[in-house]
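K.L.:
only geometry, no sequence info:
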């Protein structure tokens, strides 16, 4: 009996986390769609959405309602089961990452000991979903978009994975909580992995570039290049199924920003005397989210500033530049740890 | 609860594997194969082998299956017109070999007079895989990397129009 | 820590060399032939051969890498044979490759990597090393077979070899996994636990061992699994055919020796009848098949199947005579086969013209050096004194007699007689027929001629001076891991 109770509690906890995280995901992704349009507007000397709610803040709710009410259309020549299943897989791949995202010290659904690796693995499922959706649409634009997406994601997984290895090597752990804990010290600022040594600094940029490419954002958004492919893999989708793609896409921006903030920018570490005074590490959560917000803004900024690259350039950037650079960074970090065990770059000069 | 999940994922894995064999559309087969891989990964999770589980997802579901489907889609194979469940020729061989494997495995694992061995401390974490891989089997690891290197070089050499 | 890199110095050097050549290929300008690279390759192989020769004198058995690798005299000798085969092939490569328009630096890199794989097979103390070595050996060959992309048969050969090779690798791995399941180890010494008297998992072991041996039999081109040989040998670039015919045979038989001699004694009587059958089938398949061939490459392919059968006869006798005979025959076989293929290359033309028996008509008189050399190799393959082939065959069949298998020996001799049927046709075409074509293109390729000359001299040399290599081979077996006493002496 007691066992059943215990297991019931475990299940209940999991269910509660799932509900909470799905709410977070929906809200964040929705808000990001609003933010993107707002940022785009201001960059183009427009106002962006401003009708629904104060400052147009409720625009995404309106969009959501609209998408809910739209007709769910399946092309007659499409492979219906796969067509239906594709968006779910994309959504699951994106949502499952939230299970290990640290929202603060100890504020995490489950702190897997292979956390970062899990992120890498579970996001790769999205590619399968995209491919499935693109193929099942029975539309050449969709198929081309899906193909590009698959090639791109698989290629860029390599620099992403290798640059992930650098924080892992530095922390000696794959758990995201562990990696953030390992970045303490150096007055809460110099201990960040990005400041640890020159190689980890480079790895930060390599990793961020590759991650932007892996989630198919501009300037690497060839899978949905409007000028060539109409809308890429989601050309045939409408209504709720389209909303799933949309949701996953914007959730991914948040996810990569959170991950980068956690593993390179010190997570909740901050040069601040107040951190330990306030309860529940709430300040830490706020710091982490603020760091992520800055990165999110940069991702949005890139989209409205940079033109799209060509397919061959895309592959060249990955295989000829990012991958070798990431490998050099990894080896450099390893050599650093061997040459200066336990020392950070700025620690070489002072006593920190 | 573990038992419930075990039977759930086992059924899923076996069901998907059957789907791979009996579906005629190669793309659908590939999707089922991926489902089978994912279910296997979940079984590994239940065994506390987290690292293997993630590898299973990353390598098989994430990379290998994507490339499989990629190629199937490029080739755009027509639906195979095979008579379902005809047992003859190569299939008979396949069934025979599968049956032999099943028999041996069953013989190996069902009579558990000694019971199952308890797992050692730190079982399934990264260290317990990394240390043997880079110590006892370092040479085998490097040899494998040579095989992969040849695969890459060979593919370029044979497939690229102008080398 | 158990990393004695010194034991695998040759392999490491070869691998680095291979990487160097592959990199060189990346920067090589199109339509330039890497002649300098070829020179480097030859020099490096000669140096490695010298090193391996000097280190094959070391006494005793050493192992490293946590029991994955063993270094003993047997491995050293087999490695030396491989290096010789590789060196001779390299000599004839540049001219041939330029002629076919496939002169690429990667070619050398892949040949080296294949050699590395073979070396690890010879030094395998574990089925894991054996299997990985086999893969490192095979993968480059799949690529090399299909290298002549513009000639239809070459990609076909590459693809056939690849599919079948991958399939049999899987079969072998399946077998190894059964052995592991039953024995709990993949060490070769662990195979001693296969003894019927003390084995709890008899059926599982038998299944595993059978699959493992099937995989190796495929690589060696033994009878039920020999069908790929003619097609692949015909389609592959001739230099690679020569390399496969010699080096891969050495590697496969090396692995067979390692495994068969690691088995417990009471399992051998069970295995012998199967081996007997395979040997007889192989000899007949090779010799009868060769009778109908008009393409010289296919003819040599069938003859190589037959030779694998003779080798198996020696292996099955499980006595000292047979062990020496197998090694001696492998050496002789390397020289005569590489030499024969070198002659084929010298007579050939772009796109593999000139490789049928008709094309060879009268060429022996027109080009006496190549003709006489070819005659010598053919005589050696038939087994006529004073050639190395005769000595090798003598030892093999004598071993079968002394092991109480007179029928097998008789069948072997009978097959040698059958083989006269097609070997003599080559000689007749070369020397006793009028020339086939009006315009004679003089055979080109200095390197191929060097290889021919070297092979001819060595075939004669090993046909006349037998005792010292035989003594050395005797030592190879007595100072290897395979001897029961050595296992106890291991560090």
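P.N.:
Yes, it's here. Just so it is clear, the model here is predicted, and its values are computed rather than measured. Numbering: from 1, shown residues only, chains lettered A, B, ... in the order given.

K.L.:
name the helices or strands packed onto the helix or strand harbouring residue C:177?
P.N.:
Assessed by DSSP states H and E, residue C:177 sits inside helix C:153-183. Contact analysis of helix C:153-183 by 3 or more C-beta pairs under 8 Å, 6 or more residues apart in numbering or on different chains; DSSP states H and E lists helix B:90-109, helix C:127-145, helix C:202-220, helix C:228-235 as its packing neighbours. Backbone N, C-alpha and C define where each C-beta goes, glycine included.

K.L.:
I'd say residue C:280 and residue C:410 touch.
P.N.:
No - using C-beta atoms under 8 Å, residue C:280 makes no contact with residue C:410, being 10.6 Å away.

K.L.:
show me where the chain has its helices.
P.N.:
Reading this off chain A. Counting by DSSP state H, one finds helices in chain A at the ranges A:2-43, A:59-69, A:80-95, A:115-136, A:140-171, A:176-181, A:198-214, A:226-229, A:239-263, A:282-303, A:311-316, A:323-339.

K.L.:
the chain in question should be chain B.
P.N.:
Using DSSP H, helices in chain B cover B:2-22, B:26-46, B:50-55, B:65-75, B:90-109, B:126-134, B:138-159.

K.L.:
in chain C, which residue sits nearest chain A?
P.N.:
residue C:26 (11.8 Å; C-beta to the nearest C-beta).

K.L.:
what about that residue, how many residues nearby?
P.N.:
For residue C:26, the count of nearby residues is 11 (other C-beta atoms under 10 Å in any protein chain shown).

K.L.:
mind checking the SS state of it?
P.N.:
Here residue C:26 is recorded as helix under DSSP: H, G, I helix; E, B strand; the rest coil.

K.L.:
will you turn the helices and strands packed on helix C:153-183 into TSV that also has distance to chain A and mean pLDDT?
P.N.:
Formatted as TSV, the helices and strands packed on helix C:153-183 follow (distance: least, C-beta to the nearest C-beta, whole Å; pLDDT from 0 to 100):
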stretch	distance to chain A	mean pLDDT
helix B:90-109	26	77
helix C:127-145	21	93
helix C:202-220	32	88
helix C:228-235	32	90
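
K.L.:
can you map out the helices along the stretch 301-450 of chain C?
P.N.:
Along the stretch 301-450 of chain C, the stretches classed as helices by DSSP state H, counting those that start in this stretch are C:320-347, C:363-366, C:368-382, C:388-402, C:406-431, C:446-464.

K.L.:
adding mean neighbour count, write those helices out as JSON lines.
P.N.:
Listed next are the helices of the stretch 301-450 of chain C as JSON lines, based on neighbours: other C-beta atoms under 10 Å in any protein chain shown:
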{"stretch": "helix C:320-347", "mean neighbour count": "27"}
{"stretch": "helix C:363-366", "mean neighbour count": "20"}
{"stretch": "helix C:368-382", "mean neighbour count": "22"}
{"stretch": "helix C:388-402", "mean neighbour count": "24"}
{"stretch": "helix C:406-431", "mean neighbour count": "18"}
{"stretch": "helix C:446-464", "mean neighbour count": "21"}
